[in-house]
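Student: kindly generate the corresponding structure for this input.
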Amino acid sequence: DTLRSKHHNSTMLDQLAQWRNGICRVDRVLLAINQTETGMIQRWESTAQQLELVEDNLERISTSLMVSLTTIIAVAVAVTMFFLFVLKLRDEEQQSKMQAQHAKTTQLLEDVIRAKTEHI
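Tutor: Take a look at the predicted model:
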């Protein structure tokens, strides 16, 4: 009876040891999962921070491009206005020369006609 009791106790102790080993293995697996999960969360947070930096940089680049584009348009408008002004001045100058030439020609014709009428 004692032998059977010892054997029964030994079997139960073996089974308890197996359960403890199984629990230890499950505990190690859970710890590994937890560490992996923590690492993944840290990587996600790092990626999120990097994406925020990229978004900020893109926003700065966009603003810079808009300022550059606005500056280019303003310079183009200013240059165009300058050339139009110069062309207008040249046109007015040429028109003034033509009017002066016309006046000289008219004066010469009047002088020629007066000379002819006085000669006759």
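Student: ok, the spatially most central residue of the chain to G39 distance?
Tutor: The centroid of the chain falls nearest to S62 when counting by C-alpha atoms, centre = their mean (3.3 Å). Going from S62 to G39 by C-beta to C-beta, to the nearest Å gives 34 Å. Backbone N, C-alpha and C define where each C-beta goes, glycine included.
Student: try T106
Tutor: 99 Å.
Student: pop out the phi and psi values for K88.
Tutor: phi -60, psi -40 (degrees, to the nearest 10).
Student: what is the neighbour count of it?
Tutor: Close neighbours of K88, defined as other C-beta atoms under 10 Å, add up to 10.
Student: likewise for Q18?
Tutor: 10.
Student: one more: the one 5 residues further on?
Tutor: Residues lying near I23 (other C-beta under 10 Å) number 10.
Student: do Q50 as well
Tutor: Neighbours of Q50 under the rule other C-beta under 10 Å: 10.
Student: who touches it in this structure?
Tutor: By C-beta atoms under 8 Å, 6 or more residues apart in numbering, the contact set of Q50 is empty.
Student: remind me which residues of the protein are low pLDDT?
Tutor: Within the chain, the stretches with pLDDT under 70 are 1-4, 7, 120.
Student: again, 90 this time
Tutor: 1-15, 115-120 (pLDDT under 90).
Student: the chain: helices as residue ranges?
Tutor: Using DSSP state H, the helices of the chain run over 2-119.
Student: and T63, how far from V112?
Tutor: 73 Å.
Student: and I41, by the same measure?
Tutor: I41 is 105 Å from V112, by C-beta to C-beta.
Student: try S46
Tutor: Distance, S46 to V112, using C-beta to C-beta: 97 Å.
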